[in-house]
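**Student:** When you get a sec, could you give me coordinates for this:
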Amino acid sequence: MNNDQKFAAEKIRSEYIQKESTELDALRALDAKVKRPANVFAGIYLQLHCCFRGYLCGCVW
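**Tutor:** Coordinates of the predicted model:
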């Protein structure tokens, strides 16, 4: 094998090897886990708020 073929083989091999989990991956997972409840609360609150405001505007006008 020449150098180009070895390089291509190593590149393909590196794509299929399982990558080790790093500390940054763990921090990203923790960040997503912490943000999830706040995002759910914000979405539900926004929907309820819009419904309530729409009801009030319908009653006033």
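
**Student:** Identify the residues contacting Asn3.
**Tutor:** Counting by CB atoms under 8 Å, 6 or more residues apart in numbering, Asn3 touches no other residue. Every residue, glycine included, has its C-beta placed from N, CA and C.

**Student:** how much space is there between it and Gly54?
**Tutor:** 68 Å (CB to CB, to the nearest Å).

**Student:** Now the spatially most central residue of the chain: which helix or strand?
**Tutor:** By CA atoms, centre = their mean, the chain has its centre lying nearest to Ala32, at 6.7 Å. If you go by DSSP states H and E, Ala32 is part of helix 23-60.

**Student:** what about that helix, average pLDDT?
**Tutor:** For helix 23-60, mean pLDDT is 89.

**Student:** So that it lines up with my notes, have the first residue be 34 from now on.
**Tutor:** Sure, I'll start numbering at 34, so the last one becomes helix 56-93.

**Student:** and that helix, how far out from the chain's middle?
**Tutor:** Relative to its chain's centre, helix 56-93 lies at 15 Å (CA atoms, centre = their mean, to the nearest Å).

**Student:** Restricting to C-alpha, output stretch 45-55 in CSV.
**Tutor:** Output in CSV follows, covering the C-alpha atoms of stretch 45-55 (Å, rounded to 0.1, in the frame of the first residue of the first chain):
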residue,chain,number,x,y,z
ILE,A,45,-12.3,5.5,7.0
ARG,A,46,-11.3,3.4,10.1
SER,A,47,-11.3,6.5,12.3
GLU,A,48,-14.9,7.3,11.3
TYR,A,49,-16.2,3.9,12.4
ILE,A,50,-14.3,3.6,15.7
GLN,A,51,-16.3,4.4,18.8
LYS,A,52,-15.1,7.6,20.3
GLU,A,53,-14.4,7.8,24.0
SER,A,54,-16.7,10.0,26.0
THR,A,55,-14.9,13.2,27.2
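
**Student:** how distant is it from the center of its chain?
**Tutor:** That offset, for stretch 45-55, works out to 21 Å (CA atoms, centre = their mean).

**Student:** Now do the contacts for the residue nearest to the centre of the chain.
**Tutor:** Contacts of Ala65 by CB under 8 Å, 6+ apart: none found.
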